[in-house]
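Peer 1: build me a model:
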Amino acid sequence: MIDNYKNRRLREIVSVFVKHGIKSELANPKKLRLALEELGPSFIKIGQILSTRADILPLEYISELQKLQDDVRPEEFSIMKEVIESELNSSIDEIFMEFDTIPVASASLSEVFKATLKTGEKVAVKVQRPFVKEKMLSDIRILKKLVPFINLTSTTREIIDIKKVVDDLTEAAIKELNFLEEMNNIKRFSENNKDVKFLTCPMVYEKYCTDKILVMDYISGIKIDNVNKLKEEGYDTRDIAVKIIYNYFKQVFEDGFFHADPHPGNLLIHNNTIGYLDFGLMGKLTPNLRRKLSQLLEGVATNNIDLMVNSLLSIGIRKGSIDEDKLYKDITKFYNTYANQSIMNLELPKIFEEVVLIAKSNNISMSHDIILLAKGIVTLQAVISKIDESITLMDVAVPYFKDKIMADKLKNIDVNQLITLLYSSAKSTIKLPNKFMELLNSMTQGRLKLYMDLSNIDETFNNINKMVNRLTIAIIVAGLLVSSSLVINANVGLKIYGISAIGILGYLSAGFAGILLLISIFRSGKL
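Peer 2: Residues are numbered from 1 along each chain as shown. Below is the predicted model:
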């Protein structure tokens, strides 16, 4: 029975892929999305997971996969009730005082119900659909079997490591299908933000949580992008925007644990506080990576392009040789374009695309958590622009990072290290006169050598050669014109219709050479 299902499903997957042109090429992004939608809920979730992986898929596919809709018709409540009671080893009536049979949300993997515990707390109960884990992992195993027969390239001819895609997909799916992962995420997030008065975090009821059931506080409120309602209730939307940004920076640069999907559906204003929902997708940054990111933002806050370049090089993963001059120019251009613009004027998808393209074009790959951070910031910026269009990112970022940089520098002062540094500096200063005398002696005795590293020297010489060749042809053309005019004026030699043949030949040669010169100039694109 199981083998028959797998064989039938395999044929179905192959048939749908072929139908939408997914063979040796990944088809176009829209066809890929349509194929995933046709293959059902598990492939929709697979597509949504892949939509967070700009480190392994081209950006045009990421944008299209983010359009996948996760609204699925709810199961019969009797089926979901069996899952709840089987997982909790108790009847619903023994645990809950009230339990709404109609879900408040229904997705491909789970449904969420509103309920009230016997102890009176209003809770949200997230329940995994029956057999969804088995079906999804079965589909991924089928994809693994297809890996040896697939060598995918995108429509832009970019090679896609399909084995890495499927391996990463397996790991991400196992985590998402284990609700205890999300429970631990909520607990950690709540602990990190327990002292933030303007933030509300749901409490989890661990005794009722399993890998398929998650019970937490039910949080209701006004959606963050419902600006009119917020203003009607007397909220200061600019204050909300500033608090969200400051807290997000804290999550990233102080806690190293941040919400990676802060879209409007996951942010509510609840009793004068900001409430986060859905902790399935979280990013994690090690202390070392946070330090490097802080240095990058220090460069942004202080307009230090050199620090930004060096930080980006230390954050990224080198995939080949890097032209640091090109990287410097790319970052300078990017920074000058976007640094002081209002959030409302920023084209967020374009910014995200440019950041990744700068990295890729300079042979730098970003880790998955960095990609999640970029996605989170882009999503958050879109939310902020709806709340208060006048606020700029730098309005919040610069004071935050200047305060943080100063605090970090003061906190990290090591007296012993400072004494060692002062000693080394004094010692080096004493040696300076001797070193200067050695330099002068080398110069006077002819032993001074100067080493220069000229980048793109071959290209420079080629351009010089082309310039000299064109100048030579131009001189020859001018010479032919002058000499031909003199010959015709003297009227000597063989004549054609009374005109000197030598002069005519000279004019024709000059004209032909001149045309070739003009064609060469126009083809180069440089007039």
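
Peer 1: now do the SS call for residue 138.
Peer 2: Counting by DSSP: H, G, I helix; E, B strand; the rest coil, the backbone at residue 138 sits in helix.

Peer 1: okay, now the closest residue to it other than its chain neighbours: neighbour count?
Peer 2: In space, not counting the residues next to it along the chain, residue 138 is nearest to residue 6; the distance is 6.6 Å by Cβ to Cβ, 6 or more residues apart in numbering. For the C-beta atoms, the positions are set from N, CA and C on the backbone; glycine is no exception. For residue 6, the tally of surrounding residues (other Cβ atoms under 10 Å) stands at 15.

Peer 1: helices and strands around the one helix or strand residue 6 maps to, which ones?
Peer 2: Counting by DSSP states H and E, the element that carries residue 6 is helix 2-19. Of the remaining helices and strands, those touching helix 2-19 by 3 or more Cβ pairs under 8 Å, 6 or more residues apart in numbering; DSSP states H and E are helix 29-38, helix 132-146.

Peer 1: please repeat the previous calculation with a cut-off of 10 Å.
Peer 2: Counting contacts by 3 or more Cβ pairs under 10 Å, 6 or more residues apart in numbering; DSSP states H and E, helix 2-19 packs against helix 29-38, helix 41-50, helix 132-146.

Peer 1: make JSON lines out of these and add distance to residue 97.
Peer 2: Supplementary listing: those in JSON lines, determined by distance: least, Cβ to Cβ, whole Å:
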{"stretch": "helix 29-38", "distance to residue 97": "40"}
{"stretch": "helix 41-50", "distance to residue 97": "32"}
{"stretch": "helix 132-146", "distance to residue 97": "28"}
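
Peer 1: winner for burial among those helices?
Peer 2: The highest average neighbour count among the helices and strands packed on helix 2-19, using mean count of other Cβ atoms under 10 Å, belongs to helix 41-50 at a mean of 22.

Peer 1: end-to-end on stretch 185-203?
Peer 2: Across stretch 185-203, the straight-line distance between its terminal residues is 11 Å, by Cα to Cα, to the nearest Å.

Peer 1: got the buried residues for it?
Peer 2: Of all the residues in stretch 185-203, those buried under the rule 16 or more other Cβ atoms under 10 Å are 185-186, 189-190, 192-193, 196, 199-202.

Peer 1: contacting residues for residue 110?
Peer 2: Residue 110 makes contacts with 72, 80, 83, 103, 125-129, 132, 176-177, 179, 212-214, 280, as judged by Cβ atoms under 10 Å, 6 or more residues apart in numbering.

Peer 1: measure it to residue 130 for me?
Peer 2: With distances taken as Cβ to Cβ, to the nearest Å, residue 110 is found 11 Å from residue 130.

Peer 1: and residue 21, by the same measure?
Peer 2: 34 Å.

Peer 1: what does residue 235 give?
Peer 2: Here residue 235 is placed at a distance of 41 Å from residue 130 (Cβ to Cβ).

Peer 1: show me this protein divided up by domain.
Peer 2: Here the domain assignment for the chain is 2-70+140-171, 76-129+178-218, 283-411, 414-451, 457-524, based on automatic domain parsing.

Peer 1: in the stretch 101-250 of the chain, which spans are helices?
Peer 2: Applying DSSP state H, counting those that start in this stretch to the stretch 101-250 of the chain gives helices spanning 132-146, 162-176, 179-192, 227-232, 237-250.

Peer 1: where among those helices is the average confidence lowest?
Peer 2: Set side by side, these differ in mean pLDDT, and helix 162-176 is lowest with a mean of 79.

Peer 1: before we move on, the earlier item: so can I have TSV of the buried residues of stretch 185-203 showing distance to residue 462?
Peer 2: TSV is the format used below for the buried residues of stretch 185-203 (distance: Cβ to Cβ, whole Å):
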residue	distance to residue 462
185	57
186	61
189	58
190	63
192	57
193	59
196	60
199	60
200	64
201	62
202	65
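
Peer 1: residues in contact with the helix holding residue 6: which ones?
Peer 2: Taking contacts as Cβ under 10 Å, 6+ apart, the residues outside helix 2-19 that touch it are 22-23, 27, 31-32, 34-40, 42-43, 134-135, 138-139, 141-143, 145-146, 149-150.

Peer 1: try 7 Å this time
Peer 2: Residues external to helix 2-19 that are found in contact with it (Cβ atoms under 7 Å, 6 or more residues apart in numbering): 35, 38-39, 138-139, 142.

Peer 1: which of those residues lies closest to residue 375?
Peer 2: residue 35 (23.1 Å; Cβ to Cβ).

Peer 1: can you tell me the closest non-neighbouring residue to that closest one?
Peer 2: The nearest residue in space to residue 35 (Cβ to Cβ, 6+ apart) is residue 20, at 4.1 Å.

Peer 1: contact partners of stretch 198-214?
Peer 2: Taking Cβ under 7 Å, 6+ apart as the rule, stretch 198-214 contacts 83-84, 87-88, 95, 123, 125-128, 178-180, 182-183, 186-187, 189-190, 193, 215-217, 219, 243, 247, 270, 273-276.

Peer 1: ok so, going back, which one, of the helices of the stretch 101-250 of the chain, ends up nearest to residue 470?
Peer 2: When the helices of the stretch 101-250 of the chain are compared for distance to residue 470 using Cβ to Cβ, the nearest one is helix 162-176, at 49.3 Å.

Peer 1: helices or strands next to the closest one in the packing?
Peer 2: Packing partners of helix 162-176 (3 or more Cβ pairs under 7 Å, 6 or more residues apart in numbering; DSSP states H and E): helix 41-50, helix 132-146.

Peer 1: out of the ones you listed, the one nearest residue 506 is which?
Peer 2: Distances from residue 506 to each of the helices and strands packed on helix 162-176 were compared by Cβ to Cβ, and the smallest falls on helix 41-50, at 69.3 Å.
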